[in-house]
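**Q** Make a model of this:
(2 chains)
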Amino acid sequence: MNWRFLYFVERNFLVWRKLLIPSLVANLADPLIYLVGFGFGLGALVGEVDGRPYITFLAGGMLCYSTLNSATAEALYSGFSRLKVQRTWEGVLHAPMTVNDVVLGEWVWAAIKAVLSGSAILLIMYGLRLVHGFTPLAVLPVLLLLGLCFAGVALIMTTLARSYEFFTYYFTLALTPMSFLSGVFFPLHNLPPALQTLAWCLPLAHGASLARGIALGDPMPYPWLSALVLAAYAIVGVAIASRLAYRRLTK
Amino acid sequence: MSATPVLDVQGLCKAYDGRPVVDNLSFSVNRGECFGILGPNGAGKTTTLRCCLGLTNPDGGTLRLGGLPVPEAARLARYRVGVVPQFDNLDPDFTVTENLVMYARYFDIPVREARARVPALLEFAGLADRGAARIDSLSGGMKRRLTLARALVNDPDILFLDEPTTGLDPQARHLIWDGLKRLVAGGKTVILTTHFMDEAERLCDRLCVMNSGAIIAEDTPRGLIDRLIEPVVVEIYGEGVRDWAERHARPIVERLEVTGETAFCYMHDPALLLEQLGGAPELRVLRRAANLEDVFIKLTGRDIRD
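**A** Numbers count the residues shown, from 1 in each chain, chains lettered A, B, ... in the order given. Below is the predicted model:
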């Protein structure tokens, strides 16, 4: 095992640390506004979902959604500026670092940031007394898996992109439809069976199922399969991204 | 001193989309030497450097850098190498000092050790009071010097520079040249690409001229001038110079090139030509010794390359 990718994680961490305060404010304030706004506002109309307040149901989904968003934004936009605009990757490759080190570094870093964003939601859930005790903390490994999963897939887009505009396709055609299909904002079992089947092929439904199962004690239909699906998307995603980056940078 | 070359390139080939960019290229660079790769745009200089560093996989040929096979052991070889790329890729998210410290980390240098190296590097780059500056507040010349300092952070044996002074003003270029001369004097091996002949003539112990992916000449700067070109050049400017040169100069000079409103006459003895020019006071005349640029133009032609 080669650990040199940790240097690139270190690099991204040092840059992030310089912008710590605005980053943390965004991590906490943004989801808090959504959660409180939709949770209480929409929750008043919706009433209960699966036998509990809508805000609790929504918070379980937001755990995943926020993790996904954070991993994606970091791997897509920040990753692409380091790849193309700032030529950071190119500079690092002149040192004894390889393309794979850089891609793994981006991947792990984006997942770490994603866990931080997810943890912010968990913190808010504790603050709003939606969860209690230590058991919900067991959701953190799920968030890491989700972060690695969506960072891996996003890095494929990053290494294919010629400009930032390309990412609009990924959001509009992949992430947004998936978010509505995967039981983040409303229960999956309200969808027609065909769409449910489709949803279970995508990673987010598995993430949401695991997160609600662990944090809120919901029944989990396929816990091990769900973990496996997330891990598979993560590994295959980053492997493809690394291959594409290699082709792009060493041609 | 070791007799094995620091960089040895044999039969290097690289094609893009079936079009050869580097075509059976061979050269070697000895320890402590400053070796220049000259060539017009698109000659294959940057591709050659990228292959030497293991950043591009060649289609054929063998490469050894610091005794190690490239690209197989390129990562290991790069521990002993510093690189100044053609386009600045300093990390804009970091200050000047942070750039150097972080870059040292990629060479497994501990943070404390990296910090200890920074003052000498900043001093070398003439940036001693700029350690806390943001990258975007630096001038083009300062960025190049910082890139050079960054390339030295691992105290490399071999430095690669891809067009190190392109886009710099004369003052900034001289600062870079002084730095490079000090490095070569200090025993480092320097390999640089350039299309500035004065740069090559000043810095390089030995150089090669590349054109269309192949080396077409290789020698010391003086050797190239002595061997490949007539020693005296008379440049003639003015309206109607083309007709005048064809009629009066062509028969008495060894080589004549006319471009636009300028005639370049190459020869050993200009006496006869200068006498002829006495009868054409409307033409302006510059007599000078032949230089590397004349060799370069003779070898690669006057056409524009893009």
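**Q** residue ranges with poor pLDDT in chain B?
**A** Along chain B, the model assigns pLDDT under 70 to residues B:1-3, B:304-306.
**Q** List the contacts of the nearest residue to residue A:69 once chain neighbours are set aside.
**A** Nearest non-adjacent residue to residue A:69, counting by CB to CB, 6 or more residues apart in numbering or on different chains: residue A:117, 7.1 Å away. In short, each C-beta sits where N, CA and C put it, glycine included. Contact analysis of residue A:117 by CB atoms under 8 Å, 6 or more residues apart in numbering or on different chains lists A:27, A:31, A:66, A:67, A:69, A:70.
**Q** pLDDT wise, what is the closest residue in space to residue B:79 that isn't next to it in sequence at?
**A** Residue nearest to residue B:79 in three dimensions, not counting chain neighbours: residue A:96, with 5.1 Å by CB to CB, 6+ apart. Looking at residue A:96, its pLDDT reads 96.
**Q** looking at this, residue A:96 is in a helix?
**A** No - the assignment for residue A:96 is coil, going by DSSP: H, G, I helix; E, B strand; the rest coil, so no helix is present there.
**Q** backbone phi and psi for it, please?
**A** Main-chain dihedrals, residue A:96, degrees, to the nearest 10: phi -70, psi 60.
**Q** same deal with residue B:11?
**A** phi 60, psi 30.
**Q** ok, it to chain A distance?
**A** For residue B:11, the distance to chain A equals 20 Å [CB to the nearest CB, to the nearest Å].
**Q** if I read this right, that residue contacts residue B:25, doesn't it?
**A** Yes - Residue B:11 is within contact range of residue B:25, at 7.4 Å (criterion: CB atoms under 8 Å).
**Q** shared neighbours of the two, anything?
**A** Contact with both residue B:11 and residue B:25 is made by residues residue B:61, according to CB under 8 Å, 6+ apart.
**Q** ok, these two, which is more surrounded?
**A** A count of neighbours by other CB atoms under 10 Å in any protein chain shown puts residue B:25 above the other of residue B:11 and residue B:25, at 23 against 13.
**Q** about what we covered before: of the contacts of residue A:117, which is the most crowded?
**A** residue A:67 (33 neighbours).
**Q** Excluding chain neighbours, give the residue nearest to that residue in space.
**A** residue A:118 (3.8 Å).
**Q** you'd agree the one you found is up against residue A:65?
**A** No - judged on CB under 8 Å, residue A:118 makes no contact with residue A:65 at a distance of 9.2 Å.
**Q** Neighbour count for these two, which is higher?
**A** When neighbours are counted by other CB under 10 Å, residue A:118 and residue A:65 differ, and residue A:118 comes out ahead with 31 against 26.
**Q** Am I right that the more buried one is in a helix?
**A** Yes - if the criterion is three-state DSSP, then residue A:118 is within a helix.
**Q** burial of the residue in the stretch 201-306 of chain B that chain A sits nearest to, as a residue count?
**A** With CB to the nearest CB, the shortest gap between the stretch 201-306 of chain B and chain A falls at residue B:213, namely 16.2 Å. Neighbours of residue B:213 under the rule other CB under 10 Å: 23.
**Q** Quick check: closest non-adjacent residue to the residue of the stretch 101-250 of chain B found nearest chain A.
**A** Nearest residue of the stretch 101-250 of chain B to chain A, counting by CB to the nearest CB: residue B:106, 3.5 Å away. Leaving aside its chain neighbours, residue B:106 sits nearest to residue A:95 (3.5 Å; criterion: CB to CB, 6+ apart).
**Q** Check the burial of that neighbour by counting its neighbours.
**A** Residue A:95: 26 neighbours (other CB under 10 Å).
**Q** Roughly how far does it sit from residue B:41?
**A** Residue A:95 sits 27 Å away from residue B:41, going by CB to CB, to the nearest Å.
**Q** cool, residue B:122 as well?
**A** In terms of CB to CB, residue B:122 sits 33 Å off from residue B:41.
**Q** ok, the spatially most central residue of chain A - contacts?
**A** Of all residues in chain A, the one closest to the mean position by CA atoms, centre = their mean is residue A:68, 2.1 Å from it. When contacts are counted by CB under 8 Å, 6+ apart, residue A:68 touches A:114, A:146, A:150, A:175, A:179, A:204, A:207.
**Q** how about a markdown table for these, with distance to residue B:69 added?
**A** Below are the contacts of residue A:68 laid out as a markdown table (distance: CB to CB, whole Å):
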| residue | distance to residue B:69 |
| --- | --- |
| A:114 | 40 |
| A:146 | 42 |
| A:150 | 39 |
| A:175 | 44 |
| A:179 | 49 |
| A:204 | 46 |
| A:207 | 45 |
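**Q** Doesn't residue A:147 lie inside a helix?
**A** Yes - looking at residue A:147 with three-state DSSP, it is inside a helix.
**Q** what does chain B have sitting close to chain A?
**A** Residues of chain B that fall close to chain A, judged by CB under 8 Å from any CB of the partner chain: B:16, B:53, B:55-57, B:75-76, B:78-79, B:83, B:85, B:87-94, B:98, B:102-103, B:105-108, B:151, B:154.
**Q** circling back: neighbour count: residue B:122 and residue B:41, which is higher?
**A** Neighbours of residue B:122 and residue B:41, each counted by other CB under 10 Å, are more numerous for residue B:122; the result is 20 against 11.
**Q** Please list all residues in contact with that one.
**A** B:96, B:97, B:100, B:128, B:130, B:131, B:149.
**Q** and chain B, what are its domains?
**A** B:7-220, B:230-289 (automatic domain parsing).
**Q** Start and end of the first one, how far apart?
**A** It stands for domain B:7-220. End-to-end span of domain B:7-220 (CA to CA, to the nearest Å): 17 Å.
**Q** swap in stretch B:9-27?
**A** Terminal-residue distance, stretch B:9-27 (CA to CA): 5 Å.
**Q** Contacts made by stretch A:154-173 with the rest, please.
**A** If you take CB under 8 Å, 6+ apart as the criterion, stretch A:154-173 is touched by A:71-72, A:75-77, A:79-80, A:83-84, A:103, A:106-107, A:110, A:237-238, A:240-241, A:244-245, A:248.
**Q** repeat that with 7 Å
**A** Stretch A:154-173 is touched from outside by A:71-72, A:75-77, A:79-80, A:83, A:103, A:106-107, A:237-238, A:240-241, A:244-245, A:248, with contacts defined as CB atoms under 7 Å, 6 or more residues apart in numbering or on different chains.
**Q** swap in stretch A:181-199?
**A** When contacts are defined by CB under 7 Å, 6+ apart, stretch A:181-199 is touched by residues A:49, A:50, A:58, A:61, A:64, A:65, A:202, A:204, A:205, A:208.
**Q** between those residues, which is nearest chain B?
**A** residue A:65 (27.5 Å).
**Q** ok, so what distance separates that closest one from residue A:185?
**A** Distance from residue A:65 to residue A:185, by CB to CB: 8 Å.
**Q** What of residue B:174?
**A** Distance, residue B:174 to residue A:185, using CB to CB: 64 Å.
**Q** Ok, residue A:6 next?
**A** For residue A:6, the distance to residue A:185 equals 37 Å [CB to CB].
**Q** hang on, the earlier thing: make JSON lines from the contacts of residue A:117 and add secondary structure to it.
**A** JSON lines is the format used below for the contacts of residue A:117 (three-state DSSP):
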{"residue": "A:27", "secondary structure": "helix"}
{"residue": "A:31", "secondary structure": "helix"}
{"residue": "A:66", "secondary structure": "helix"}
{"residue": "A:67", "secondary structure": "helix"}
{"residue": "A:69", "secondary structure": "helix"}
{"residue": "A:70", "secondary structure": "helix"}
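**Q** Would you mind giving these as CSV with distance to residue B:70 added?
**A** Below are these laid out as CSV (distance: CB to CB, whole Å):
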residue, distance to residue B:70
A:27, 44
A:31, 49
A:66, 45
A:67, 41
A:69, 42
A:70, 39
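**Q** Please, where are all the helices along chain B?
**A** With DSSP state H as the criterion, chain B has helices at B:45-53, B:74-78, B:96-105, B:111-124, B:140-151, B:170-185, B:197-203, B:221-228, B:241-244, B:271-277, B:292-300.
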